[in-house]
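*Asks:* Let's see this in three dimensions:
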Amino acid sequence: MSSVAVLTQESFAEHRSGLVPQQIKVATLNSEEESDPPTYKDAFPPLPEKSACLENAQEPAGAWGNKIRPIKASVITQVFHVPLEERKYKDMNQFGEGEQAKICVEIMQRTGAHLELSLAKDQGLSIMVSGKLDAVMKARKDIVARLQTQASATVAIPKEHHRFVIGKNGEKLQDLELKTATKIQIPRPDDASNQIRITGTKEGIEKARHEVLLISAEQDKRAVERLEVEKAFHPFIAGPYNRLVGEIMQETGTRINIPPPSVNRTEIVFTGEKEQLAQAVARIKKIYEEKKKKTTTIAVEVKKSQHKYVIGPKGNSLQEILERTGVSVEIPPSDSISETVILRGEPEKLGQALTEVYAKANSFTVSSVSAPSWLHRFIIGKKGQNLAKITQQMPKVHIEFTEGEDKITLEGPTEDVNVAQEQIEAMVKDLINRMDYVEINVDHKFHRHLIGKSGANINRIKDQYKVSVRIPPDSEKSSLIRIEGDPQGVQQAKRELLELASRMENERTKDLIIEQRFHRTIIGQKGERIREIRDKFPEVIINFPDPAQKSDIVQLRGPKNEVEKCTKYMQKMVADLVENSYSISVPIFKQFHKNIIGKGGANIKKIREESNTKIDLPAENSNSETIIITGKRANCEAARSRILSIQKDLANIAELEVSIPAKLHNSLIGTKGRLIRSIMEECGGVHIHFPVEGSGSDTVVIRGPASDVEKAKKQLLHLAEEKQTKSFTVDIRAKPEYHKFLIGKGGGKIRKVRDSTGARIIFPTAEDKDQDLITIIGKEDAVREAQKELEALIQNLDNVVEDCMLVDPKHHRHFVIRRGQVLREIAEEYGGVMVSFPRSGTQSDKVTLKGAKDCVEAAKKRIQEIIEDLALVPVTIEVGVPFDLHRYIIGQKGSGIRKMMDEFEVNIHVPAPELQSDIIAITGLAANLDRAKAGLLERVKELQAEQEDRALRSFKLSVTVDPKYHPKIIGRKGAVITQIRLEHDVNIQFPDKDDGSQPQDQITITGYEKNTEAARDAILKIVGELEQMVSEDVPLDHRVHARIIGARGKAIRKIMDEFKVDIRFPQSGAPDPNCVTVTGLPENVEEAIDHILNLEEEYLVDVVDSEALQLYMKPPAHEESKAPSKGFVVRDAPWTANSSEKVRCCPALRVPWEGEHP
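*Replies:* I've put the predicted structure just below:
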């Protein structure tokens, strides 16, 4: 196998120069028409003889003496030898297979290099590696690490040199490890050790050790030195604008650090190579010594206020004096009271410097203009417009207004200050002539009334009189109001404000007693009616009490006459309300309420409008049958008649009149209507109306369904008969919670007692004060019997027992929700039995019941019935969900909520957006509700997590990057920035070039905080690399440009990606068509240049051969037609030696006979 030499830049230059004569030689073939044909020997030089080649191989004869240099190919081959004692795998029976073979395959796959293994006679391992240079180097490192036993060694260098071994971002260390095929371990910065450990082969360790020591030796050449120089002489060493020290640093390559004037240190620090550092120190010492000998000082007094003018902006004036005169000016610190300025320099130049110091000090002046402080804002103008006119003409003048002082301070160049002063004085004079101010005293408690609602009053006065009114804030408790502006306007505003204040002082406050029930009516819907009253009496303030206070006092405040008028108006309104507030109750059977309302409320609306009354019906879920009519008495009676007639027309309602002596009416009605109410309830809810007391009428009207009316009539007459004969009454007592149990479901138990005894039993109503009292009325024997039965029942209820039952915890909530309403109903119905459910959160299913034995059993039965109903009846539960998440739960076009309803087989009701409620209702079978609630809460948790994630993802970070680097950060077709975005999951926004308001150097990164910081670091790393980049021009024959670039730039892009550089070829028509620019990091640029020079050498041979071949090729048809070709003609050819025939050309080249037309 042939070895391939590695081509260096120098050998390539030699090779290129060696090709020139050959190219010239070939070029002469094109001029055969203008000169004699070449001889056969010239065209076909003979090969050197064998003996000559052997004897003098160094100097070949003839035209073949132009030695062709070896060319470096893109593929190289290297052979590595691993001695037997250093081999990791020494099993001879498994050569070419086993672990060693696997490792070789892995290395080839990872690096792209080709490996061939062979065994030497000494059983050492020879490995031939072929491939591109970087692939071979990587493969070599892997071979050493995985097929060769490792040794280790340490090398000690100063700790401060370790960072130079590592290099920027660890690149130097990586390069060193790759080059030497070793692993180099450097102690951490917090580790005091200076030992560097190197692991690898013996040869690699030696190479690496040598390189590390070289780096350390190079750093040893650098030194640091400190030189004490008096602070006063620092300006001479730095020079004007630091030019002198800059020149020394540039010439010697030494870094010189001079403390700034603000730092009281005399030490100057030098850093650099020892020899160059010594030169820099010597030069500065020389300057210092010369200045100490030649300079002297003078001290002058300059006003403290003028020091800043001598210093100038950023010390420029001091540098200017130093540059012009060579004199240093020392100014005392700003916190010092000293006014002494010291000038230090050569005696002959001090005078000139002193003149310049005084010129600078007097170039600026401070002046003041007297102007009343109240005029300051008029001088400044709206948004500073007036002052801007002056400052635009004289930008160096600083104008200062001090609050509370009657002067304006001007500071700047003397001439400009004088001009500005004249303009401001003229402005002040003009304002004083045409403006005035006045101050008035108004009690601060009236200030807010002067201002008016949302500033309405005061803004009107300001606009009307073109004045400025300054009212102190409430916190100052000041009564002084200041009016400024045109003299006439000031007086008019003053007059109006004083009138308003006087009117307020004459105000009176009156309390009007209006029942609270009328307050809402007076205010009206959305405040319409009270707005009308306030518009009618605009000077009167009407305050209603807070509804929670339950107060009847309405307060009126304003001018006395207006308050009186408003009082009379409101009293009349209240009187009308009282007249219209007559109310009667009309009992109407519940089933007919909807008919009275009518379709869409048509009937009730018509009755309301025609009778001019207010009609209130009980709620649909209420047990009440009473309709309340409110309005004027006559109108209420008319409305009642119409409602009763509707009921009569709709149903079989009978009306019966019964004559009962008026003297018995009260006894029949009973205490608070208890007796008559019991008859009405017992007879299906019939309505019984007794005549008004004192009317003397005996007629009692019974209204209701015919059968119930007859039943009520019988009971009423029977009761009246009993009352007329001899009525016996007994009162017994029982706990209120027993009453419902005694009555029984639907009144079954108490009806049984009544039927068996014939006595009437009356239980107390909710309105009765004595809730324990049960009254028995009838004949004495009947009453005694009924009393006995009831007492037995009550005694039985007093025997308290405790029992328990099992209820599934999922049903517990139904019993305890709404503050235990279900349990209260059970207790009321079953003798006050106490039902106790386990505490919320516990999983117990044991429910305890305590009460009378019969009541407990009945309650257990009822609870069991409810549980059975729950399994079939839909139940509604409420779940708290933040309002802002509702739209996400609903989903697009309701898809989200439909999915949940289908999944859990429930109905989910989300409140309307305008309610902004956090409660979502879930309705369905009890078995499904828990799953639905869990699913909904899980969805809420997901949405909240998404919200938090969105908030975290919206973190913004700005990074400042010079706009010239932006295209490089973006990359070709956005490749670089897209990679950063994807890698760090962030959004990166570059400034809009067309938007002048945006800072062009700000790049905004949005995402998670950690990710934005990582993306910022990635961008700054690119910027850092770009800042370190260099550009080098390399001459590259333009004939190979197209081949290096490749089809559609594919080849050049591959090179740029491989070496991480940017390569620019010259435009057509460029002055130097061979100049190619390579930009990138220095080491990458060098490697890329080597690579493209190798390619040039390789391609150039093909170009030269191609051009030479073109000379022998048949010309194109269009060229042949222009002129006949003589072909390729030679003289003194061998075939002409013994013949006079015409010269032939070489048949192989298809050249025609001389004179023959092709």
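*Asks:* mind listing what Lys735 touches?
*Replies:* Lys735 makes contacts with 772, 797, 831-832, as judged by CB atoms under 8 Å, 6 or more residues apart in numbering. C-betas here are computed from N, CA, C, even on glycine.
*Asks:* And it, what's its pLDDT?
*Replies:* pLDDT, Lys735: 78.
*Asks:* ok, back up a step: name the member of the contacts of Lys735 with the most neighbours.
*Replies:* Among these, Gly831 has the most neighbours (other CB atoms under 10 Å), with 27 neighbours.
*Asks:* Now do the contacts for Tyr309.
*Replies:* Per CB under 8 Å, 6+ apart, neighbours of Tyr309: 317, 360-361, 363-364.
*Asks:* Compile those into TSV and extend it with columns for secondary structure, distance to Pro882 and pLDDT.
*Replies:* Shown next, in TSV, are these (DSSP: H, G, I helix; E, B strand; the rest coil; distance: CB to CB, whole Å; pLDDT from 0 to 100):
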residue	secondary structure	distance to Pro882	pLDDT
Ser317	helix	65	84
Lys360	helix	68	80
Ala361	helix	70	79
Ser363	coil	68	76
Phe364	strand	64	77
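*Asks:* Would you list the buried entries among those residues?
*Replies:* 317, 360-361, 363-364 (16 or more other CB atoms under 10 Å).
*Asks:* export those residues to a markdown table and tack on distance to Gln250?
*Replies:* Converted to a markdown table, these look like this (distance: CB to CB, whole Å):
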| residue | distance to Gln250 |
| --- | --- |
| Ser317 | 27 |
| Lys360 | 31 |
| Ala361 | 36 |
| Ser363 | 35 |
| Phe364 | 37 |
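*Asks:* mind listing the strands in the stretch 551-700 of the chain by residue range?
*Replies:* 553-559, 582-587, 614-616, 626-631, 653-659, 687-689, 699-705 (DSSP state E, counting those that start in this stretch).
*Asks:* circling back: what about the contacts of Lys735, which are in helices?
*Replies:* In this view, the contacts of Lys735 that belong to helices under DSSP state H are Leu797.
*Asks:* Just send the contacts of Lys735 back as a markdown table, with pLDDT too.
*Replies:* Listed next are those as a markdown table, based on pLDDT from 0 to 100:
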| residue | pLDDT |
| --- | --- |
| Asp772 | 81 |
| Leu797 | 71 |
| Gly831 | 73 |
| Gly832 | 75 |
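*Asks:* Which of the contacts of Lys735 sits closest to Ile258?
*Replies:* Gly832 (100.0 Å; CB to CB).
*Asks:* can you tell me which residues contact the residue nearest to Pro559 when sequence neighbours are not counted?
*Replies:* Nearest non-adjacent residue to Pro559, counting by CB to CB, 6 or more residues apart in numbering: Glu539, 5.5 Å away. With contact taken as CB under 8 Å, 6+ apart, Glu539 is in contact with 503, 558-559, 562.
*Asks:* What of Glu785?
*Replies:* 756-757, 759.
*Asks:* So how do I select the buried members of those residues in PyMOL?
*Replies:* Burial among these is assessed by 16+ other CB under 10 Å; the matching PyMOL selection reads:
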select buried, resi 757+759
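*Asks:* thinking again about what came up before, could you save the contacts of Lys735 as a markdown table and add columns showing distance to Asn459?
*Replies:* Converted to a markdown table, those look like this (distance: CB to CB, whole Å):
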| residue | distance to Asn459 |
| --- | --- |
| Asp772 | 71 |
| Leu797 | 77 |
| Gly831 | 73 |
| Gly832 | 69 |
